[in-house]
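S.K.: Have a look at this prediction, sequence included:
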Amino acid sequence: MKMSKLVGRRIKEDPKDAKTVSHKFLIRGGYIRPVSAGIYSLLPTGERIVKKIEAIIREEMNRIDGQEVLMPVVLPADLWQESGRYESVGAELLRFRDRNEKPMILAMTHEEAIVHLVRTELNSYKQLPVMLYQIQTKYRDEARPRAGLIRTREFTMKDAYSFHTDQADLERYYARCHEAYERIFRRVGMKNVLSIESNSGMMGGKVSHEFMAICDCGEDTVITNADYSYRANREIAVAAWKFEKGEPLPLEKVHTPGMKTIEDVAGFLGVKPENTGKAVFYQDAHTGELIFVLIRGDFEVNEVKLANALKVPELKFADDAAIEAAGAVPGFASPVGIDPAKARIIVDRSAAESGNLVVGANETDYHYRNFNFDRDLAGSGCLVADIACVREGDPCPLTGQPLQFLRGIEVGNIFQLGTKYSDTMHCDYLDRDGKSHPMVMGCYGIGVGRAMAAVIEQSCDEYGPIWPMSIAPWQVELCAINPEKEGVGEACERLYAELQAAGIEVLYDDRGEKAGSMFSDADLLGIPLRLVVSPRTLAEKQAEFKVRGSRDAERIALDAAVSHVAARVEAEMEKYR
């Protein structure tokens, strides 16, 4: 490719709305252009990178016996109604009606579509297991798209779905897919990707993992220890907390005028926040049932853990009217004396296993000292569970090391779905005895554009991306300085033809720009290798050779340039095979 013909201009200044490194360089380097909020066009340079990422993904999916399919982006709503997700998923699912007033959706994921396909094609245990995958456009109506390709509304995704006769077979395949994902992220050049336990969320199922590309701009939190032996996301992370009760003291009501917050109460009574109990109120978003949470004052409620413990699909904060209707006093609430028929009470381990806490007294301007769960809520039927957020520095449940928080971009996820979709949508197979059973499913996703952005976040300098050879838009950039002088242009044309003949992907900057502008553009394009020919190097029958990201350049003989570049390309590609 010649730069004089390449569509996609380079831009000197950072876009005003770009906050992350990848967003800045993808715009400035001419890889993408915004069409609307969270919607982008790919320019030729960006498309070349995406196609290479997709090729690696295809190779690895085929390696684990995947078969590629392609399903529609536009789907009838009745498929999602059949699974139950049409009503349960919020505004991020774009719903509309076609010209015949039939309800339709733009697919944000394809579980329903793949089940619809499989139940028409497979019906026997002899046909299982099977995995089908696609690389397809998705649409998620994000309220706040951000960070360029990291959080978009329209995006390209590889999604795969496996079908099995039983859970054991799913688990065996799940392990194979996990290994394939590790290979994919290594091969596309990500430097640090951690597989972590995660919450299945709207996807359903019991077991899931997220693959996090560690970088400062990541919007997800990865909780791990020093040696990475423990990994989890914030939603399900646990710690090896140890709580002390001590000798229980008599329950005592004390006057705490105007003291509603944990900080106010602790300061007024001269105790630490860990010696208090905090009341937090939620409601089941669908039934309106009031949920009374008691947690130690130095912890925060993990709402995902809470919803999972209660088996409630969606929670919302309760208003004062609902709290008061249960007999509690906002700001001074306590589970002591609350009628279990009016509120579902759940107590975090931190409050249940600590002693002599200060809690509300359900009376304005009053609190109790010396609350002890075993004594003061004995026989109440309260649920005790771990519903607390892990804090940085808490002890690791595996090693006891302090837990640390890292930032990450979720570049992939895998789920053991079980029979969540096959049950409701009647995707069944017949066993050896002719008996019908729901197929057991797994699903496996990778965001392609997000993967490209994540590579930049992990591999760049202040001047632009440093693309790994496996997905670089071109393998070498040939720069002609003063091509109109002393035969430089002719020498570069010959070199350009020889490089292509050797099977090397080459971008030839034939524009005759000044050296500073040419090299600035080259840095934004991030091509791994660079050859520079100028009147000075040509006079010595040499070219300057430089590796992107390194300070130093070397001189090589012009007649050996093609073989030198070919050897370097091969050596670099070998790292990603």
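M.R.: Arrived safely, thanks for sending.

S.K.: give me every residue that touches residue 395.
M.R.: By C-beta atoms under 8 Å, 6 or more residues apart in numbering, the residues touching residue 395 are 239-242, 401-403. Using the backbone N, CA and C atoms, a C-beta is placed for each residue, glycine as well.

S.K.: Quick one, which of the residues you listed are buried?
M.R.: Buried members of the contacts of residue 395, counted by 16 or more other C-beta atoms under 10 Å: 239, 241, 403.

S.K.: hang on, the second one packs against residue 394?
M.R.: Yes: counting by C-beta atoms under 8 Å, residue 394 is a contact partner of residue 241 at 6.8 Å.

S.K.: which residues do the two both contact?
M.R.: Counting by C-beta under 8 Å, 6+ apart, residue 241 and residue 394 have no common neighbour.

S.K.: mind checking which helix or strand the residue nearest to residue 333 when sequence neighbours are not counted is in?
M.R.: Excluding its sequence neighbours, the residue lying closest to residue 333 (C-beta to C-beta, 6 or more residues apart in numbering) is residue 279, at 4.0 Å. Under the criterion of DSSP states H and E, residue 279 resides in strand 277-284.

S.K.: All the strands of the stretch 101-250 of the chain, in order from the start?
M.R.: Secondary structure of the stretch 101-250 of the chain by DSSP state E, counting those that start in this stretch: the strands cover 103-106, 130-139, 154-164, 193-197, 207-214, 220-224, 231-233.

S.K.: Spell out the residue ranges of the helices in the stretch 301-450 of the chain.
M.R.: 303-310, 320-325, 349-352, 373-376, 420-425, 448-458 (DSSP state H, counting those that start in this stretch).

S.K.: Roughly how far does residue 527 sit from residue 233?
M.R.: 35 Å (C-beta to C-beta, to the nearest Å).

S.K.: contacting residues for the spatially most central residue of the chain?
M.R.: Closest residue to the average C-alpha location of the chain: residue 410 at 1.9 Å, with C-alpha atoms, centre = their mean. With contacts defined as C-beta under 8 Å, 6+ apart, residue 410 is in contact with 210-212, 220, 447, 450.

S.K.: As CSV, the residues you listed with pLDDT, distance to residue 288 and neighbour count would be great.
M.R.: Listed next are the contacts of residue 410 as CSV, based on pLDDT from 0 to 100; distance: C-beta to C-beta, whole Å; neighbours: other C-beta atoms under 10 Å:
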residue, pLDDT, distance to residue 288, neighbour count
210, 93, 32, 23
211, 96, 38, 26
212, 96, 36, 28
220, 89, 31, 17
447, 97, 36, 24
450, 96, 38, 24
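
S.K.: Does residue 45 touch residue 28 like I think?
M.R.: No: at 11.7 Å, residue 45 and residue 28 do not qualify as touching, with contact defined as C-beta under 8 Å.

S.K.: The two: which has the busier surroundings?
M.R.: residue 45 (25 against 19; other C-beta atoms under 10 Å).

S.K.: Can you tell me the SS state at that one?
M.R.: What DSSP: H, G, I helix; E, B strand; the rest coil gives for residue 45 is helix.

S.K.: Mind pulling up the pLDDT for it?
M.R.: Looking at residue 45, its pLDDT reads 98.

S.K.: try residue 117
M.R.: 98.

S.K.: just checking, residue 531 touches residue 562?
M.R.: No: applying C-beta under 8 Å, one finds residue 531 not in contact with residue 562, separated by 9.5 Å.

S.K.: more neighbours, the two?
M.R.: It is residue 531, of residue 531 and residue 562, that has more neighbours when counted by other C-beta under 10 Å, with 26 against 20.

S.K.: isn't there a strand covering the more buried one?
M.R.: Yes: under three-state DSSP, residue 531 falls within a strand.

S.K.: ok, it - contacts?
M.R.: So residue 531 contacts 476-479, 495, 543-545, 561, 565 (C-beta under 8 Å, 6+ apart).

S.K.: Make TSV out of those and add distance to residue 114.
M.R.: TSV is the format used below for the contacts of residue 531 (distance: C-beta to C-beta, whole Å):
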residue	distance to residue 114
476	41
477	42
478	45
479	48
495	49
543	52
544	52
545	49
561	50
565	44
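
S.K.: Just the residues you listed: which are in helices?
M.R.: Those of the contacts of residue 531 mapping onto helices are 495, 561, 565, per DSSP state H.

S.K.: Which pLDDT value does the model give the closest residue in space to the second one that isn't next to it in sequence?
M.R.: Beyond its immediate neighbours in the sequence, the residue positioned closest to residue 561 (C-beta to C-beta, 6+ apart) is residue 543, lying 5.0 Å away. The predicted local confidence for residue 543 comes out at a pLDDT of 96.

S.K.: Low-confidence stretches in the chain?
M.R.: By pLDDT under 70, the low-scoring segments of the chain are 199-205.

S.K.: List the buried residues in the longest strand belonging to it.
M.R.: Identified as the longest strand of the chain according to DSSP state E is strand 404-418. Within strand 404-418, the residues that count as buried by 16+ other C-beta under 10 Å are 406-418.

S.K.: gap between that strand and the chain center?
M.R.: 5 Å (C-alpha atoms, centre = their mean, to the nearest Å).

S.K.: cool, stretch 109-117 as well?
M.R.: 22 Å.

S.K.: Just the buried residues of stretch 303-318, please?
M.R.: Along stretch 303-318, these residues count as buried under the neighbour rule (16+ other C-beta under 10 Å): 303-310, 312, 315, 318.

S.K.: Isn't residue 193 up against residue 406?
M.R.: No: using C-beta under 8 Å, residue 193 makes no contact with residue 406, being 11.6 Å away.

S.K.: Now the common contact residues for the two.
M.R.: 212, 214.

S.K.: which ones are touching residue 169?
M.R.: 128-129, 440.

S.K.: 10 Å instead?
M.R.: Contacts for residue 169 (C-beta atoms under 10 Å, 6 or more residues apart in numbering) come out as 128-129, 162-163, 440, 442.

S.K.: Residue 527 and residue 233: who's more crowded?
M.R.: A count of neighbours by other C-beta under 10 Å puts residue 527 above the other of residue 527 and residue 233, at 25 against 21.

S.K.: Pull the number of nearby residues for the closest residue in space to that one that isn't next to it in sequence.
M.R.: Once flanking residues are discounted, residue 527 sits nearest to residue 477: 4.3 Å by C-beta to C-beta, 6+ apart. Other residues near residue 477 come to 27 when the count uses other C-beta under 10 Å.

S.K.: I'd like to know the beta-bridge partner residues of residue 477.
M.R.: With DSSP bridges as the criterion, residue 477 is bridged to residue 507, residue 530.

S.K.: Which single one of the buried ones among the contacts of residue 395 is nearest to residue 65?
M.R.: Closest approach between the buried ones among the contacts of residue 395 and residue 65, by C-beta to C-beta: residue 403, at 37.8 Å.

S.K.: Nearest residue to the residue of the chain most remote from its centre in space, ignoring adjacent ones along the chain?
M.R.: For the chain, the residue at maximal distance from the C-alpha centroid (C-alpha atoms, centre = their mean) is residue 486, at 53.3 Å. Counting by C-beta to C-beta, 6+ apart, residue 486 lies nearest to residue 535, which is 4.4 Å off, once chain neighbours are set aside.
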